[in-house]
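[1] With the sequence up front, the predicted model follows.
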Amino acid sequence: MSQQTVAVLGLGNMGGPMAANLVAAGYRVVGFDPAPTANETAVARGVEVKTSPVLAVAEASVVITMLPSGGHVIDAYKGPDGILAAAAPGTVFIDCSTIAVEDARAAAELAHEAGHRALDAPVSGGVGGAEAGTLTLMIGGSEVDLDAVRPVLDVVAGRLVHCGDSGAGQAAKICNNMILGISMLAVSEAFVLGESLGLSHQALFDVASTASGQCWALTTNCPVPGPVPTSPANRDYRPGFASPLMSKDLTLAMQAADSTGTEVRVGAVAAAIYRDFAFGSGRDLDFSGVVQDIRDRSQSGV
């Protein structure tokens, strides 16, 4: 039986470890990234890096994209010089980027029109999950197509959740991350309030982590150093899940809310806070670093 070839386009903090895990599992992995450093790291981990996306997909039966925006995905897909035209008929295109629901549906339509199969499969779990192969993938598209690539996805993910038709994976992702952004702000504000009241971080954690305030933002990504040694707070808020990415996801959620007429008052506040933080002092920080901004504003009386 010949070795299956998987192409990975986007070899950065998420795509790079995913590609490396596929190599370790015995797949032939070809890839492309515009950043030389990402390519160098991928080569060191066994990925065959090509000089263009078209060359990367030419021999692959499965193509995984991890790109910054819906525009990047659609631009990569379409046209006579795009990756859809370069791929063999029936290739399965799996987009693991986080993009707008309408962009995911448009990308899937382009793939289907070109004679391919398509899934939107945004990820949750951060860089640590990508390295460990324990990501959660929220998948939109045909269940038949998902079953065809399940062995590939099982390498990079600890859990696969089929959410529905094309775009449903992206819908689940932005709803999940709206919950995450809101909950991180609540946890961060609670810790700063606790500080003001003379409560230690450990005491608040010990209570909230076993009471009604328990949530992922507290018990896994705790925004203050100490209670959860593996959280980014213990390494100067190095991402993790970077603040600009949280701002991007909340913006996508607000766009979806506007297009559907959904009232999301708390989500809108969270989106505004993260927009200011991500393009200010939090540009290079994990999204949990927002606790520092809350503390600074509290101390300055802003």
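    Now that the structure is in, tell me what you want to look at. Model, not experiment: these values are computed from the prediction.
[2] ok, the residue lying closest to Val43 once chain neighbours are set aside to Val29 distance?
    With CB to CB, 6 or more residues apart in numbering as the measure, Val49 is the residue that lies nearest to Val43, at 5.4 Å, once sequence neighbours are left out. Every C-beta, even on glycine, is put in place using the N, C-alpha and C of the backbone. Val49 is 10 Å from Val29, where distance means CB to CB, to the nearest Å.
[3] go on, Val161?
    Here Val161 is placed at a distance of 24 Å from Val29 (CB to CB).
[4] got it, and Trp216?
    Counting by CB to CB, the separation of Trp216 from Val29 is 30 Å.
[5] Which one of these two is surrounded by more residues?
    Per other CB atoms under 10 Å, whichever of Trp216 and Val29 has more neighbours is Val29, with 28 against 15.
[6] After the helix or strand hosting the more buried one, which helix or strand is next? Please name it.
    For Val29, the enclosing helix or strand under DSSP states H and E is strand 28-32. Counting by DSSP H and E, the next helix or strand C-terminal to strand 28-32 is helix 36-44.
[7] Just the buried residues of that following helix, please?
    Buried residues in helix 36-44, counted by 16 or more other CB atoms under 10 Å: Ala38, Asn39, Thr41, Ala42.
[8] Next, format those as CSV and append distance to Gln292.
    Shown next, in CSV, are those (distance: CB to CB, whole Å):
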residue, distance to Gln292
Ala38, 29
Asn39, 34
Thr41, 30
Ala42, 33
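[9] of all these, which comes closest to Ile294?
    For the buried residues of helix 36-44, the residue nearest Ile294 by CB to CB is Ala38; the value is 33.2 Å.
[10] what's near enough to touch the closest one?
    By CB atoms under 8 Å, 6 or more residues apart in numbering, the contact set of Ala38 is Leu11, Gly12, Gly16.
[11] Next: Val291.
    Applying CB under 8 Å, 6+ apart, we find Val291 in contact with Ser188, Phe191, Val192, Pro223, Val224, Ala233.
[12] And the furthest pair within these?
    Across the contacts of Val291, the longest distance by CB to CB is 13.0 Å; it joins Val192 and Ala233.
[13] For the two, work out which one has more neighbours and name it.
    Ala233 (24 against 21).
[14] Now the more buried one: closest residue in space that isn't a chain neighbour?
    Pro225 (4.5 Å).
[15] Surely that neighbour forms part of a strand?
    No: assignment of Pro225 by DSSP: H, G, I helix; E, B strand; the rest coil gives coil, placing it outside any strand.
[16] which ones are touching it?
    His201, Ser231, Ala233, Asn234.
[17] Of those, which count as buried by neighbour count?
    For those, buried by 16+ other CB under 10 Å: His201, Ser231, Ala233.
[18] Just the ones in helices from the residues you listed, please.
    His201 (DSSP state H).
[19] which of the buried ones among the contacts of Pro225 has the weakest pLDDT?
    Across the set of the buried ones among the contacts of Pro225, Ser231 stands lowest in pLDDT, at 95.
[20] Could you point out the longest helix of the protein?
    Under DSSP H, the chain gives helix 168-196 as its longest helix.
[21] per-domain residue ranges of the protein.
    As given by automatic domain parsing, the domain ranges for the chain are 5-165, 171-300.
[22] one step back: can you tell me which of the contacts of Val291 lies closest to Val144?
    Of these, the one sitting nearest to Val144 (CB to CB) turns out to be Pro223, at 42.1 Å.
[23] Could you report the neighbour count for the closest one?
    Other residues lying near Pro223 total 29 when counted by other CB under 10 Å.
[24] Report the contact partners of it.
    So Pro223 contacts Met184, Val187, Ser188, Phe191, Ala217, Ser231, Ala233, Ser288, Gly289, Val290, Val291 (CB under 8 Å, 6+ apart).
[25] Could you tell me which residues within the least confident helix or strand in the chain by mean pLDDT count as buried?
    Ranked by mean pLDDT, DSSP states H and E, the helix or strand of the chain with the weakest confidence is helix 126-132, at a mean of 90. Of all the residues in helix 126-132, those buried under the rule 16+ other CB under 10 Å are Gly126, Val127, Gly129, Ala130, Glu131.
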